[in-house]
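Chemist: next one to model:
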Amino acid sequence: MLKNPCVSCGACCAHFRVQFYWREANQGESEHPVPAHLFEELTPQHRCMKGTGKKHRPKCEGLKGRIGKDACCSIYLNRPTPCRAFTASYADGVKHTRCDDARAAHGLLPLKLSDW
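Modeler: From the prediction side, this is the model:
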């Protein structure tokens, strides 16, 4: 059985702004609320994961470890919708250029179907 190549990557967590609806972080309004210390207010309706709104070298503060080596999400069960919805290339049998772009930004090769 092959290991999921997405699990230790983390490139998407250090490339994109992670913006989500404000209620996803509210206790009692979300099944898996994003911890308060890991988000910041963006607009009256949106919050974003701390560190991902930076113009240069964004990196989610919830990401631990080294990108492409041993990266992992410290709040995996409480990650917001954009993180849950992000699909790695070929995880579903289809190439996803956003994944490829994030990996390339960190010097990683794009995933191939054979990686799965």
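
Chemist: quick check, Tyr21 in contact with Pro44.
Modeler: No: when contacts are counted by Cβ atoms under 8 Å, Tyr21 is not listed as touching Pro44 (11.2 Å). For every residue, glycine as well, the C-beta is placed using N, CA and C.

Chemist: more neighbours: which of the two?
Modeler: Tyr21 (14 against 6; other Cβ atoms under 10 Å).

Chemist: pLDDT wise, what is the more buried one at?
Modeler: According to the prediction, Tyr21 has pLDDT 95.

Chemist: before we move on, what about Cys60?
Modeler: We have a pLDDT of 98 for Cys60.

Chemist: if I look at it, how far off is Cys83?
Modeler: Applying Cβ to Cβ, to the nearest Å, the value for Cys60 to Cys83 is 8 Å.

Chemist: between the two, what contacts are shared?
Modeler: 13, 18, 73 (Cβ atoms under 8 Å, 6 or more residues apart in numbering).

Chemist: among the residues you listed, which lie within strands?
Modeler: Within the shared contacts of Cys60 and Cys83, residues falling in strands by DSSP state E are Cys73.

Chemist: need the shared contacts of Cys60 and Cys83 in JSON lines (columns: neighbour count and pLDDT).
Modeler: Below are the shared contacts of Cys60 and Cys83 laid out as JSON lines (neighbours: other Cβ atoms under 10 Å; pLDDT from 0 to 100):
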{"residue": "Cys13", "neighbour count": "26", "pLDDT": "97"}
{"residue": "Val18", "neighbour count": "25", "pLDDT": "97"}
{"residue": "Cys73", "neighbour count": "17", "pLDDT": "96"}
